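Peer 1: pasting the structure only:
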């Protein structure tokens, strides 16, 4: 019996040895052997834990150095960044691990227990890129004084209205643009004959007359009665019968229609002819009906023509 049992044991051992020697010799001997969840070569290492799988597409991220250690892949490195918990403080995010670079994102990227730490302060204003709304200008940071520069100096997300250029004339309201809704009005603009301070110097009248003293250039005042004369010229701009071009022919009417300061019955130049009698210039005795025309570029005889009848002789030869 002892010999028989010994022969039986030897036979079983031989069968087991034969069975083992006929199995796969490497993890990659089977199709998909590096991702099938099996220990194909029965060496105790599964899939990417087996050094046979170094370089296999299913094991990208391994060290692939074929040194039989394959030590950068682990079943505990869930995000494949080469770090396991607890050293990896967020093993579901490959961008978070002790080798990561801290960024401004309200997160502890490098797992040092601090959030958004060690961020650069490029402009040297003591506020880093995470808290400074413009880290290229040292006059812009939280709590800075708001200045007239068109920028949000104190990083509160707001601009004062006078820091805007509403009319696009490249001058801010706080830079003395006295009308930021009119692109033609700004410091240095050309002053026009209009009731506007075009150059924002506080003076509407530089270079323009204001004979009636109403702080509006005479050249811009309306002709209210439509007689063709501006209010600064017209002694009654609500009645078209009164204007410097009117004639006073009614000697029974004592109104000053032609705005010369006297009524039609007056003889201001003492030439014996009243204005209402056809004196075309009652300020000059050389001009009245019946006088001879002389060469003086005036209508001496009040017939509506100046120097008529060749009174001045032929024009001199050039």
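Peer 2: Yes, it's here. What you see is a predicted model, and the numbers here were worked out from it, not measured in a lab.

Peer 1: low-confidence ranges in this protein?
Peer 2: By pLDDT under 70, the low-scoring segments of the chain are 1-23, 60-75, 220-222, 231-232, 315-318.

Peer 1: check the gap between residue 167 and residue 204 for me.
Peer 2: Separation of residue 167 from residue 204 (C-beta to C-beta, to the nearest Å): 19 Å. C-beta here means a position set from N, CA and C on the backbone, and glycine is covered the same way.

Peer 1: ok, residue 272 next?
Peer 2: Using C-beta to C-beta, one gets 47 Å for the distance from residue 272 to residue 204.

Peer 1: between these two, which is the more surrounded one?
Peer 2: A direct count of neighbours by other C-beta atoms under 10 Å for residue 272 and residue 204 places residue 204 higher, at 20 against 11.

Peer 1: got a list of what the more buried one touches?
Peer 2: With contact taken as C-beta atoms under 8 Å, 6 or more residues apart in numbering, residue 204 is in contact with 195, 196, 197, 215, 216, 217.

Peer 1: can you flag the buried ones in those?
Peer 2: 196, 197, 216, 217 (16 or more other C-beta atoms under 10 Å).

Peer 1: out of those residues, flag the one nearest to residue 155.
Peer 2: residue 197 (35.3 Å; C-beta to C-beta).

Peer 1: which residue is the nearest non-sequential neighbour of that closest one?
Peer 2: residue 204 (5.3 Å; C-beta to C-beta, 6 or more residues apart in numbering).

Peer 1: check which helix or strand covers that neighbour.
Peer 2: In the assignment (DSSP states H and E), residue 204 maps to no helix and no strand.

Peer 1: okay, now the closest residue to residue 156 other than its chain neighbours: neighbour count?
Peer 2: Leaving aside its sequence neighbours, residue 156 sits nearest to residue 142 (C-beta to C-beta, 6+ apart; 7.8 Å). Applying other C-beta under 10 Å, we find 13 residues neighbouring residue 142.

Peer 1: and the gap between residue 142 and residue 157?
Peer 2: Taking C-beta to C-beta, one finds residue 142 at 11 Å from residue 157.

Peer 1: and if you look at residue 79?
Peer 2: Counting by C-beta to C-beta, the gap from residue 79 to residue 157 is 35 Å.

Peer 1: for those two, indicate the residue with more neighbours.
Peer 2: residue 79 (18 against 7).

Peer 1: tell me the contacts of that one?
Peer 2: Residues near residue 79 by C-beta under 8 Å, 6+ apart: 88, 90, 91, 92, 93, 94.

Peer 1: so which of the residues you listed wins on neighbours?
Peer 2: Compared across the contacts of residue 79, residue 88 has the highest neighbour count, 23 neighbours, by other C-beta under 10 Å.

Peer 1: give the contact list for it.
Peer 2: Contacts of residue 88 by C-beta under 8 Å, 6+ apart are 77, 79, 81, 96, 97, 98, 111.

Peer 1: again with residue 157
Peer 2: Neighbour list for residue 157: residue 133 [criterion: C-beta under 8 Å, 6+ apart].

Peer 1: distance check, it against residue 245.
Peer 2: 63 Å.

Peer 1: surely residue 280 touches residue 291?
Peer 2: No. Using C-beta atoms under 8 Å, residue 280 is not in contact with residue 291, being 10.4 Å away.

Peer 1: quickly list what's touching both of the two.
Peer 2: Common neighbours of residue 280 and residue 291, counting by C-beta under 8 Å, 6+ apart, are residue 302.

Peer 1: more crowded one of the two?
Peer 2: Ranked by neighbour count (other C-beta under 10 Å), residue 280 and residue 291 place residue 280 first, with 18 against 15.

Peer 1: once you drop chain neighbours, what's closest to that one?
Peer 2: Among residues not flanking residue 280 along the chain, residue 302 sits closest, at 3.7 Å (C-beta to C-beta, 6+ apart).

Peer 1: show me what contacts the residue nearest to residue 107 when sequence neighbours are not counted?
Peer 2: Once flanking residues are discounted, residue 107 sits nearest to residue 115: 6.4 Å by C-beta to C-beta, 6+ apart. Residue 115 sits next to 106, 107, 108 when contact means C-beta under 8 Å, 6+ apart.
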